[in-house]
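Chemist: What follows is a predicted structure for the sequence shown.
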2 protein chains.
Amino acid sequence: MAATDKALAGLRQMIASGELGPGAKFPPEPELCDHLGVSRSSLREAARSLAALGVIESRHGSGTYVSALDPAEIISRFSLSVQLIPLEGVLQLLEVRRVLESHATAAAAARQDPDLESRLSDILDRLEATEDASEIQNLDAEFHDTICTAGGNPTVTALTGVIRGRGGHYRIFEPGADFDAIKQTSDRGHRAILAAIANRDPAAASTAASAHIAQTELWLRALRPEPQPTPPAD
Amino acid sequence: MAATDKALAGLRQMIASGELGPGAKFPPEPELCDHLGVSRSSLREAARSLAALGVIESRHGSGTYVSALDPAEIISRFSLSVQLIPLEGVLQLLEVRRVLESHATAAAAARQDPDLESRLSDILDRLEATEDASEIQNLDAEFHDTICTAGGNPTVTALTGVIRGRGGHYRIFEPGADFDAIKQTSDRGHRAILAAIANRDPAAASTAASAHIAQTELWLRALRPEPQPTPPAD
DNA sequence: TGACCGCAAGTGGTCTGAGGACTTACGCTG
DNA sequence: CAGCGTAAGTCCTCAGACCACTTGCGGTCA
């Protein structure tokens, strides 16, 4: 087995076996090298791999630690790779988002959180008042994120958030062309979701969320012929 | 900015900008070091990070390449980290699986693939005939995977697969205790899903899949008090 | 002519050693 | 007792060398 793979397996095993739980500190690098039988370079490359996946964290001057192993945090690590996925793949991801967010929105409607309606309404008021592309994106994200959080499953919130972040790179809301029509359709979709939540109607909420995201899918699908439709600048 | 972060950003940018598309080859490491202004160690650690996320691939003796950037492949990379998530987080993930697989199962029922029913039936025949824990796990995975694939969204298949792989580490089907009762309940659940698909009834399929996975969630939830319920042995 | 073999150039993989940068905690000082 | 400085501990970065693998070219043999 290659040195880096050996180190990777060793580090992973230390966590999997329960020897080190969430937040626990690893031995210093030289000691780990000795224990795993690899050089420091190989150990460090293995550690980088696990750090990229959100499994461990290296703190300069302090040490290397097992992360919290929280699914929402781990899923957030997807963001870097998901943002590089081409449009065709983004459409597959949007179906995932549609299904999950539809579910979360129904759950939020069923929860009957008294504050939720007013908080969402505030966000929509601000959203409808602006025409700035990046502010639209931020408020849209805040709206959907608030609903998903109310849905009660942080993993779903994280997953939908990552996917939404990718879709946002395709700037649908750039001024020009069909900006007004698109904006109005989007705003109506948000109001429909809010109404369903205010009515404590999970089925309606699910349908409204599903329809809203399906609309986004249609807009993106229209871009499909383009080979490079606004690659993620970041 | 730290050296490794600089290298990471640089490599990522080469892909994000469209300079290098899926499958493209990076310049040799020494050239990249010069271009990015970092040492080879730092460059390699950055490359390891991206490789862990499924964004690039290094082939010994050949070169470093941009991956296919296929969402299903990228999601598979998370298997390593997901398998380390503690039970509490697995329950959140199972809700994701329940929602997604319920959706995919409905889609499979709607698709009317003529071969699907017989293939699934074969798998269930074999599944019902065995009592070997690891074979049960394999056949169960094959059953659900076949359905998800028929659902038509490879990303959904990959995502549910990763989550199922995690749940499998909690060996529900170990002989002893309630083995027979659990096995029978599970088998009945599979047959209900198959029946709904055979009837081309998406709503029934969705419900059956949802109920089947919800049952798994209940079994796992029963383990919750345990601090370390059979950690992933690998 | 064609297929096969071997060699050499190109490239990533690994190791070693050294010095720098940051965090942390101890002990000293006021 | 509070504040500060210092030293130990730890990760970060760099440099250079050598090894292992892939690839393609060119020669050789059937």
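Modeler: Perfect, thanks for sending it. Residues are numbered from 1 along each chain as shown, chains lettered A, B, ... in the order given.

Chemist: Which residues of chain A lie near DNA strand C?
Modeler: Residues of chain A lying close to DNA strand C by Cβ under 7 Å from any atom of the strand are A:2-5, A:38-42, A:45, A:59-62. Heads up, the C-betas are built off the backbone N, CA and C, glycines and all.

Chemist: Mind checking which of the residues you listed are in strands?
Modeler: Judged by DSSP state E, those include A:Arg59 as members of strands.

Chemist: Mind putting the residues of chain A next to DNA strand C into a markdown table with neighbour count?
Modeler: Output for these, formatted as a markdown table (neighbours: other Cβ atoms under 10 Å in any protein chain shown):
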| residue | neighbour count |
| --- | --- |
| A:Ala2 | 10 |
| A:Ala3 | 16 |
| A:Thr4 | 21 |
| A:Asp5 | 14 |
| A:Val38 | 22 |
| A:Ser39 | 13 |
| A:Arg40 | 13 |
| A:Ser41 | 16 |
| A:Ser42 | 19 |
| A:Glu45 | 24 |
| A:Arg59 | 9 |
| A:His60 | 6 |
| A:Gly61 | 4 |
| A:Ser62 | 9 |
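
Chemist: What segments of chain A are helices?
Modeler: Ranges of helices within chain A are A:3-16, A:29-36, A:40-52, A:71-76, A:78-82, A:87-111, A:116-129, A:133-151, A:154-167, A:179-198, A:202-221, based on DSSP state H.

Chemist: Now do the buried residues in stretch A:81-88.
Modeler: Residues A:81-87 are the ones in stretch A:81-88 that count as buried (16 or more other Cβ atoms under 10 Å in any protein chain shown).

Chemist: With stretch A:191-211 instead?
Modeler: Buried positions in stretch A:191-211, judged by neighbour count with 16+ other Cβ under 10 Å: A:192-194, A:196-197, A:201-202, A:204-210.

Chemist: Check those and tell me the two furthest apart.
Modeler: A:Leu194 and A:Ser210 (15.1 Å; Cβ to Cβ).

Chemist: end to end, how far does stretch A:14-23 reach?
Modeler: 13 Å (Cα to Cα, to the nearest Å).

Chemist: mind giving me a markdown table with the helices of chain A and columns for distance to B:Thr146 and mean pLDDT?
Modeler: A markdown table is the format used below for the helices of chain A (distance: least, Cβ to Cβ, whole Å; pLDDT from 0 to 100):
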| stretch | distance to B:Thr146 | mean pLDDT |
| --- | --- | --- |
| helix A:3-16 | 29 | 98 |
| helix A:29-36 | 39 | 97 |
| helix A:40-52 | 32 | 98 |
| helix A:71-76 | 26 | 97 |
| helix A:78-82 | 26 | 95 |
| helix A:87-111 | 18 | 96 |
| helix A:116-129 | 40 | 96 |
| helix A:133-151 | 30 | 95 |
| helix A:154-167 | 24 | 95 |
| helix A:179-198 | 35 | 93 |
| helix A:202-221 | 26 | 95 |
